[in-house]
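**Q** model this:
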Amino acid sequence: MGGDHGPSVTLPACQAFLDAHPAAEVILVGRADALAPAAAWPRCTIVAATEVVEMDDPIEVALRRKKDSSMRVAVSLAKPGADGNAVAQACVSAGNTGALMAVSRYLLKTLEGIDRPAIAAVMPNKLGNYTTVLDLGANVDCTAEHLLQFAVMGSALASAVDGKENPSVGLLNIGEEEIKGNEAIKRAGELLRAVGAAGHMNFCGNVEGNDIFKGEVDIVVCDGFVGNVALKTSEGLASLIAHFLKQEFKRTPLTMLAGLVAKPVLNRLAGRLDHRRYSGGALLGLRGLVFKAHGSSDAFAFEQAMNRAYDAARHGLLERVHDRILDTLAAMPGVNEEQSVVPAAAPTA
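**A** This is a model prediction of the structure:
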């Protein structure tokens, strides 16, 4: 029910997802009348919810007042029961990001060794692949220990979903030198180097903003404020490039002809830069899988988010995050004992 468009987007996306994945099943949560067109779909179940979290609802409303919202009911279906199994192996929403994070953290709780969940998503790089970046808006103020945890979770995500058994990790900074950055960044670098030296992570050192798009590391770690700015900037730049090319090739008959000749190349470029292809940010660190699609997602973007959630579930992302964080903590006993307490801020994505 969430996002800017609701069932007009999510229903076609779910139908396309089911067509593409014959072994998958989908549970649609929301108002029964809005979801009625899907009632006869095979491998599809409808669970009624009487309320909807609006995109401008404060977190307090979503968490305390709308207890029968489609968001809350959907997240609860991904919560493991007493036997360790959940009704749904993953939850996907395009709704209010702050509300989704708050509701997910309240219902699912965090994994052992994880203080705060993080939002991880991918950005295209020049190698034709993509770079995983986290955090993208869940945590504005982070300690060095939080950044270490993000690196461990990002490594587990890249390993599970992308099949990279030893993914490379970079720490986003204002320079590659170890002496640069604020105290939290420098301390995070020390922790990451120690974990790398112990053989529990492939840490490659500091990276800068442009390195996200070079593809020289698989994972880039940063706090949520910086990550969200980087994400929105990349989306805006992609839109600007597409707009510029479209306008330039409409100016004169000569440029129109050039545009016609270059159209196949431009189409491939537009496809590479299309942020909809990379939809689906994982809320890592929870005791259940939750994926966030952009609020303005169309059917294609929402389907991509479902694809990422499906891949994460069938490749055991939860178990991999759990195992990696425990291995890292075992290698660095007491790492969490030194961290300062920073009040959790509302997500900004």
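**Q** Could you report the neighbour count for Ile212?
**A** Applying the criterion other Cβ atoms under 10 Å, we find 25 residues in the vicinity of Ile212. Where C-beta positions appear, they are placed from N, C-alpha and C, glycine not excepted.
**Q** With Asp56 instead?
**A** Residues contacting Asp56 under the criterion other Cβ under 10 Å number 7.
**Q** Make 12 the starting number, not 1.
**A** Got it, first residue is 12 now, which makes that one Asp67.
**Q** Show the contacting residues for it.
**A** Asn107 (Cβ atoms under 8 Å, 6 or more residues apart in numbering).
**Q** List the contacts of the residue positioned nearest the centre of the chain.
**A** Computing the C-alpha centroid of the chain and ranking residues by Cα atoms, centre = their mean puts Gly292 first, at 1.5 Å. Applying Cβ under 8 Å, 6+ apart to Gly292 gives the contacts Ile130, Ala131, Ala132, Leu147, Phe302, Lys303, Ala304, Ala360.
**Q** what's it sitting at in phi/psi?
**A** The phi and psi torsions at Gly292 (degrees, to the nearest 10) take the values phi -90, psi 130.
**Q** Next one: it, what pLDDT does it get?
**A** Model confidence at Gly292, given as pLDDT, is 90.
**Q** for Ala93, same thing?
**A** According to the prediction, Ala93 has pLDDT 89.
**Q** Let me see the contact set for it.
**A** Ala93 touches nothing, counting by Cβ under 8 Å, 6+ apart.
**Q** Name the SS class of it, please.
**A** Put simply, Ala93 is coil when judged by DSSP: H, G, I helix; E, B strand; the rest coil.
**Q** about what we covered before: scan the contacts of Gly292 and report the most crowded one.
**A** When those are compared by neighbour count (other Cβ under 10 Å), Lys303 ends up highest, at 32 neighbours.
**Q** I'd like the distance between that residue and Glu65.
**A** Remark: distance between Lys303 and Glu65 (Cβ to Cβ, to the nearest Å) = 16 Å.
**Q** Ala73 now?
**A** To Glu65, Ala73 is 9 Å away according to Cβ to Cβ.
**Q** Give me the average confidence score over the strand or helix carrying Glu71.
**A** Using DSSP states H and E, Glu71 falls within helix 70-71. The predicted model assigns helix 70-71 a mean pLDDT of 94.
**Q** list the buried ones in the helix or strand just after it?
**A** Later in the chain than helix 70-71, the nearest helix or strand by DSSP H and E is helix 81-88. Judged by neighbour count (16 or more other Cβ atoms under 10 Å), helix 81-88 contains these buried residues: Ser81, Met82, Arg83, Val84, Ala85, Val86, Ser87, Leu88.
**Q** Can you give the distance of helix 81-88 from its chain's centre?
**A** 18 Å (Cα atoms, centre = their mean, to the nearest Å).
**Q** Using PDB, list the CA coordinates for it.
**A** Backbone C-alpha positions of helix 81-88 (Å, rounded to 0.1, in the frame of the first residue of the first chain) are rendered in PDB as follows:
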ATOM      1  CA  SER A  81      -0.100  -2.900   6.000                       C
ATOM      2  CA  MET A  82       3.600  -2.100   6.800                       C
ATOM      3  CA  ARG A  83       3.400  -3.400  10.400                       C
ATOM      4  CA  VAL A  84       1.500  -6.500   9.400                       C
ATOM      5  CA  ALA A  85       3.900  -7.200   6.500                       C
ATOM      6  CA  VAL A  86       7.000  -6.900   8.700                       C
ATOM      7  CA  SER A  87       5.500  -9.100  11.400                       C
ATOM      8  CA  LEU A  88       5.100 -11.900   8.800                       C
END
